[in-house]
Each structure stands twice: as structure tokens, then as C-alpha cells.
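A.B. asks: Mind looking at a prediction? Sequence and model below.
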Amino acid sequence: MELGHRRQDHRGALLTSRRRARRSHLASFSAVAAGVLTLASVLSVPAFADGSGAGAGYTSLGGGFFEHQGVNGETDVNVCSFAVPAGTAHCDTHVRTDPWAKRARPARGGGASPGSTLGNNGAYDPSYLQSAYNVASAAAASGGGAGQTVAIVDANSDPNVVSDLASYRSFFGLPSCPTGTISPSNKSCMFDVVNEFGNSSPLPQGDTGWGVEMSLDVEMVSAICPNCQILLVEANSASISDLGTAVNEAVALGADAVSNSYGSSEYSGETNDSTNYYDHPGVAVVASSGDSGFGVEFPAASSYVTAVGGTSLTQLTNSGTRNGSETAWSGAGAGCSAYVAKPAWQHDAGCAKRTVADVSAVADPNTGVWVYDTYGNSGWAIYGGTSVASPIIASFYALAGNKLGSANYPASYLYSSPGALYAVTSGSDGSCGTYLCNAADSQNGYNGPTGLGTPGGSPNGIVAFSAPSSSLTVPGSPTLNTATPGNGSVTLNWSAPANNGGSPIIGYDVYEGTTSGGESYTTAVASTNGATTVPVSPLTNGMKYYFTVEAVNSKGNSAHSNELSATPAPAATVPGAPTNLAAKESATRGVALSWSAPVSNGGDPITSYTVYRGTSSGGVTTYTSTSCSGSTCSYNDSGTRHGRTYYYEVAAVNAVGTGPRSNEASAVAR
């Protein structure tokens, strides 16, 4: 079916959904616009929210632009202003601005650099990117993206994008990509540019910042998937309502993957916008995680998209094989969404809601990529940002050759085959102190800045972006081993099921009830990202709780485990002090003692009493031990000298230890 026919088939339904979506978006946006917006309030990252206007390593240039300084004198600047209100996006592209980078130029056709210079004379060209991410293996396994369409959604317009794309592909020896009608029957690249309503004219007003973004996006698709068809959908503005309308249009026009290299700070209306614009089962909708370090942007926060983080890439050669390494990029966005619920396939323990990111690719401007743009720039320049990573990941979904019509969300595919990705285990994007910003603290291979890793983890790495086999089943049931009570909590431990259903276990859900068989299976009280021990709290001390556990893979939840119960209670302490200690002359020999048991046994039974004795007040020392099981106790000290005065104290003992002593009492021995 050709492009024009697809437009006509979806027109009526889409116009109705767009009108609803815009009304919803405007209602949520008006609440934000009613306040006074400051630069700090529109930025979504803690490093920029201290009132200074910039985080560590950043210098404010005014107008929402920031220069970042690298450790070796490199500098880069965001090409789209960050000074936008919530509900309006900025592009996630950075350009190198240091003198060396401005002078550098790539070698025609691609090639190795002299000496130790990175990539092709300072940045990566298609041959290096394809080598780093094992694209040849991916393409060989899937048909190379023939017949697949990658849509790019950006704001405003770039009048030079067609000629710039042709220059980029020609310079690096990629096959041509002529403009024309996009159709699944085309097995080589075709390029089309439409507005957010699917028409070739009128296109929106030009914008040099977003124009650079467009050049970067279509050229990165070309680098990874030269045979893929490229559909550029230009939104009328950078509002999420216009960008989201463009996403809906891209899907209506048959896109297999949609790349969104932009983001807004989070806002309360994003949950509605997530559903209205980004909920497209079977289509790989991907979004950049952001470029300002630890913090979350929308639409990366949407539970329906694949959130794409960023890395610093060192690829040594362009010979076709990965031989480098990656670390988490310090600018990659990551963290917990403030509003969007966690998708079913995510089970990390650090975020109650959606965790960003899912996957990643190169984004560091200091290990950047070559882009050719003549509208916002004068030709070749080195670029970075998670804007680079998003179209790379969208292209991998296209290389996987997934068929439209699936009811699954492609982000879930990654969690079915995490071993096919290259796990990134070093680097950080902030100082949160956990896996949410530190790759070295990865939970079962997952961390915030890079998600599950990057493409190219194995020769068959394309399976990470492929729909799982229909033969998969849910896992077997785990076995709940222990339920250990604590103060206001119960710690559970279980064993993994023997059968994972043909897909890795990605987490466990814990359920609780206050009667046997009464667990609520609609809401998990705890979830883990593969760990098999978890504390459940807060619980009420003295109340008996019942627990079961379910294992989760990409197919779904297992049947629940066996049931165990436990009653939380405060931790035991030493007993209180005995009271009413009295001493008198014994009726037989020595001194007769009596006392009352402590009011509190410390939560553990009293096992004995220690008797302290001395011949002067305040000078008692440990003398003997005696037992008593009642509330009143007695002891006759016969080891005394007749007529001498003795002084006594008593302390109770339980399994925790010896408690405080009683009052002192004295008597003359018989």
C-alpha cells in the first residue's frame, strides 16, 4: 500500500483523536503556563535546579544555552534552547565548539584516522558506527531493513534536509536515497518529508536548531540502516501536542519505528499525553532520555516508548567488528518518572514508577558523530547528545524486521533478551548513589543512564530488538522459602522457578494478605529486578500477614508460589529492671531476698536473674545466678557471716543479655 492510500484510510479517525488529544493537552498546559516560569523551573535536571543556572562543568550562555567543558579542553553547546515551559520540548543535540573540532573534517568515504585520533578524523562515520554495533551481523540476520520505514519526528522545518542527506550519503559511500513515495514494497531507501498532517505542503516554518536535529536524525538512520526508508514528519511547533500529532501521523503512514530526539521537563498532564500520542503497540516508538545528566524527560518517561540513554564510545577500527568499549555518558538522562506508571516489563526496585532508560547508544559529543548540515551550520561538524542515540536505536528495531500489527510494545523485547546487548558497567550521570545514575551499580545488568546496554553485545544482538517467539510461556512458580519477621517488616526469600518459560526472568512480584489465601493479586506490595530476597514494609507489629510471590518474564506473570506467613514485632531487647527488691534476716541462716519481675521482658523470655552482693552500699559485684519463672521471686543467701550487713541488687537476663539492676536493699545476716 502506498503512502497516499495510507493517509486516506486513517484521516477521519485521526482527526477525531487529535482534537481530543489537543483539548486534553491544552487543559494540562494552562496550569503550567499560569505560573511564572524561571530557567530553573523549566529544566528537568537537579544539577541545573540550584538557582545558578548551570551544573558542574556547565557555563550559562544565556537564553537557555549552556556550554559544557570536557576534561581535555573540548566544549559543546546545546543547539536548541532549554528555556522552554513544561509541555514544550527542546531537541537533545549538542555540537562541538572547541577550536580543534571546528577545524576538523572527515575523510571522504570513511576511513581510519592517523595516530590516536578518534574515528574518522575526530568523530564517527557510518563505517565506525556499523562496526561498533555489529550492524553487518544484524543486517545479515534480518534482511538489512529492506521494506522497513523509520520515521523521524521533529519540530519546525529544515529546507535543506533533502540535499544535506544526499551529501552525507554520497560522501560516505552509502547508496542514494531519493525522495518519493514510501511503500513496504520498496526494498531500498526512499525519503519523504511531510507535515504533522501527512501532507507535503505547506511545511512548517524553518528553524536552524531543529534543522540541525533533522539532519542528524536522518543521517544516523542512514548510517545504521542504509536500506531503510526514511519518513521525516515535521511538527508545526515544539509543543508536545504538535509533536505528538506528528507521531500519530507517522504511525498512520505505516512507520515501523518512530524516533523522537527531543524532551520536555515532566509535567502532570504527561500521563494523558502519553496515551494520546505515544501508545502504539507493535510500533517501536523511541525517545531520547535527555542531555543534562540525572533527571527525567518526557516522552522518554512514557511507559509506551523505548527510552534511549547515552554512552561514551571508544571504537578502535572501522573493520566491521566491535573492538572498543562504552561507558555511561555523564550527560545521559536517567531516573524515576514523577507521574508515569512502571511498565509491566520493568522490575527494578529503585523506582515505584517508570524508570529511564531502557537501552542506549553513543551520545557523548567528545566521542561524537559526523553530521552534514548547511541550514544551521556551514557543513560538517561533530555532534552528540541522546539525539544521536535515539535514531540509532530506532534503526535497530527496523533492522530486526518486526511486523506491524503486534499487540506488544517493542520496549519489552529488550527485556526478553538482555544478554544480546552490550552491558555497560562503568560511568555515571550524577551522584544519586545507586544504579539509577551509576553504571557500576547495575542491578542484574540494568542501570539508569544506559538501561540494559547498547546494540552489538553479540553477533546475534539483533534478537534484543526482535519480537519474542510465540512459543514463549510464563515462567514456572517460584518457591517461597522463608518469611522472617522484623520490626514493622517481614523479609522474604524464595528460589527461582526451574522453568523460565523460554525467556529470562526479569523480576518478581510479591503479594500480601491478612488472611490465608487472601492475598490481593491486583497490586504487588514489592517488586524486584531479579533479586530473590526482599523486605516488605511498613507492616503493623502484632498482625499476622500471608505472602506469595510470582516470577515475571516478557510473556507475563507466573502462577503464585506457596504461601508463608509471619507476624512482625519489635526487635527483642534486654529485660527491664526488677522492682521492689527487699532483704531481711533469714529465718534459717543468712539473708532472705525477694523482688518483683520486670514489667517488660524485652520481647524475649527471662531465663535467669543475676544477684549482686557487697558489704558496703554501692559496692556490689556479681555474686550468683538464680532462676525464677513467676512474677515474684525469692532467693536465700546462706553464704554469709553472722551479724554482718550485706547489700544486694538484682538484674533479669534473657537471650539478648542482662538488663539494668534493681534498687539496692540490705540486711544483717543471721
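C.D. replies: All right, it came through fine. Because the structure is a prediction, the values reported are computed rather than measured. Residues are numbered from 1 along each chain as shown.
A.B. asks: Do a quick rundown of the helices in the stretch 301-450 of the chain.
C.D. replies: 386-399, 411-416 (DSSP state H, counting those that start in this stretch).
A.B. asks: Let me have these in TSV, extended by mean pLDDT.
C.D. replies: TSV is the format used below for the helices of the stretch 301-450 of the chain (pLDDT from 0 to 100):
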stretch	mean pLDDT
helix 386-399	97
helix 411-416	91
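A.B. asks: Please indicate which of these has the most neighbours on average?
C.D. replies: Across these, the average number of neighbours (mean count of other CB atoms under 10 Å) peaks for helix 386-399, which reaches a mean of 32. For the C-beta atoms, the positions are set from N, CA and C on the backbone; glycine is no exception.
A.B. asks: Let me see the ranges of the helices in the stretch 101-250 of the chain.
C.D. replies: 126-132, 135-142, 161-171, 208-224, 240-252.
A.B. asks: how about those, which one is nearest residue 634?
C.D. replies: Nearest to residue 634 among the helices of the stretch 101-250 of the chain is helix 240-252 (80.6 Å), distances taken as CB to CB.
A.B. asks: which helices and strands does the closest one pack with?
C.D. replies: If contacts are counted by 3 or more CB pairs under 8 Å, 6 or more residues apart in numbering; DSSP states H and E, helix 240-252 sits against helix 3-33, strand 149-155, strand 229-235, strand 257-260, helix 270-278.
A.B. asks: Strand partners (parallel or antiparallel) of the helix or strand that the fourth one is followed by?
C.D. replies: Moving toward the C-terminus from strand 257-260, the first helix or strand encountered (DSSP states H and E) is strand 262-265. Its sheet considered, strand 262-265 pairs with strand 90-91 (antiparallel), strand 297-298 (antiparallel) by DSSP bridges.
A.B. asks: Now do the same for strand 262-265: mean pLDDT, whole number.
C.D. replies: Strand 262-265 comes out with an average pLDDT of 96.
A.B. asks: what do you get for stretch 306-326?
C.D. replies: Stretch 306-326 shows a mean pLDDT of 94 in the predicted model.
A.B. asks: measure it end to end?
C.D. replies: Start-to-end span of stretch 306-326 (CA to CA, to the nearest Å) is 20 Å.
A.B. asks: can you pull the buried residues of that stretch?
C.D. replies: Neighbour counts over stretch 306-326 (16 or more other CB atoms under 10 Å) mark 306-316, 318, 321-322, 324, 326 as buried.
A.B. asks: what do you get for stretch 279-292?
C.D. replies: For stretch 279-292, by 16+ other CB under 10 Å, it's 279-280, 282-292.
A.B. asks: Could I have the CA atoms of that stretch written out in PDB?
C.D. replies: The C-alpha trace of stretch 279-292 is given here as PDB (Å, rounded to 0.1, in the frame of the first residue of the first chain):
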ATOM      1  CA  ASP A 279       0.600   4.400  22.800                       C
ATOM      2  CA  HIS A 280       1.200   2.400  19.600                       C
ATOM      3  CA  PRO A 281       1.500  -1.300  20.200                       C
ATOM      4  CA  GLY A 282       3.700  -3.100  17.600                       C
ATOM      5  CA  VAL A 283       5.500   0.100  16.600                       C
ATOM      6  CA  ALA A 284       8.900   0.900  18.000                       C
ATOM      7  CA  VAL A 285       8.400   4.400  19.400                       C
ATOM      8  CA  VAL A 286      11.700   5.500  20.800                       C
ATOM      9  CA  ALA A 287      12.700   8.700  22.600                       C
ATOM     10  CA  SER A 288      15.900  10.400  23.800                       C
ATOM     11  CA  SER A 289      16.400  10.300  27.600                       C
ATOM     12  CA  GLY A 290      17.900  13.900  27.800                       C
ATOM     13  CA  ASP A 291      21.300  15.500  27.800                       C
ATOM     14  CA  SER A 292      21.700  17.200  31.200                       C
END
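A.B. asks: what's the spacing between that stretch and its chain's center?
C.D. replies: Its chain's C-alpha centre and that of stretch 279-292 lie 13 Å apart, by CA atoms, centre = their mean, to the nearest Å.
A.B. asks: Please apply the same query to stretch 479-491.
C.D. replies: Here the centre of stretch 479-491 is set off from its chain's centre by 27 Å, with CA atoms, centre = their mean.
A.B. asks: Over to stretch 336-348?
C.D. replies: Distance, centroid of stretch 336-348 to centroid of chain: 8 Å (CA atoms, centre = their mean).
A.B. asks: Between its first and last residues, how far does that stretch reach?
C.D. replies: Using CA to CA, the end-to-end distance of stretch 336-348 comes out at 11 Å.
A.B. asks: Residue 636: which element?
C.D. replies: Element membership of residue 636 [criterion: DSSP H and E] is strand 632-637.
A.B. asks: State the mean pLDDT of that strand.
C.D. replies: Strand 632-637 shows a mean pLDDT of 97.
A.B. asks: Return stretch 394-406 as PDB; C-alpha atoms alone will do.
C.D. replies: The C-alpha trace of stretch 394-406 is given here as PDB (Å, rounded to 0.1, in the frame of the first residue of the first chain):
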ATOM      1  CA  ALA A 394      15.000   3.100  16.000                       C
ATOM      2  CA  SER A 395      17.100   1.800  13.100                       C
ATOM      3  CA  PHE A 396      17.900  -1.400  15.000                       C
ATOM      4  CA  TYR A 397      14.200  -2.000  15.500                       C
ATOM      5  CA  ALA A 398      13.900  -1.600  11.800                       C
ATOM      6  CA  LEU A 399      16.800  -3.900  11.100                       C
ATOM      7  CA  ALA A 400      15.000  -6.600  13.200                       C
ATOM      8  CA  GLY A 401      12.200  -6.600  10.600                       C
ATOM      9  CA  ASN A 402       9.400  -6.700  13.100                       C
ATOM     10  CA  LYS A 403       5.900  -6.900  11.500                       C
ATOM     11  CA  LEU A 404       3.300  -4.300  12.200                       C
ATOM     12  CA  GLY A 405       0.100  -5.400  14.000                       C
ATOM     13  CA  SER A 406       1.600  -6.900  17.200                       C
END
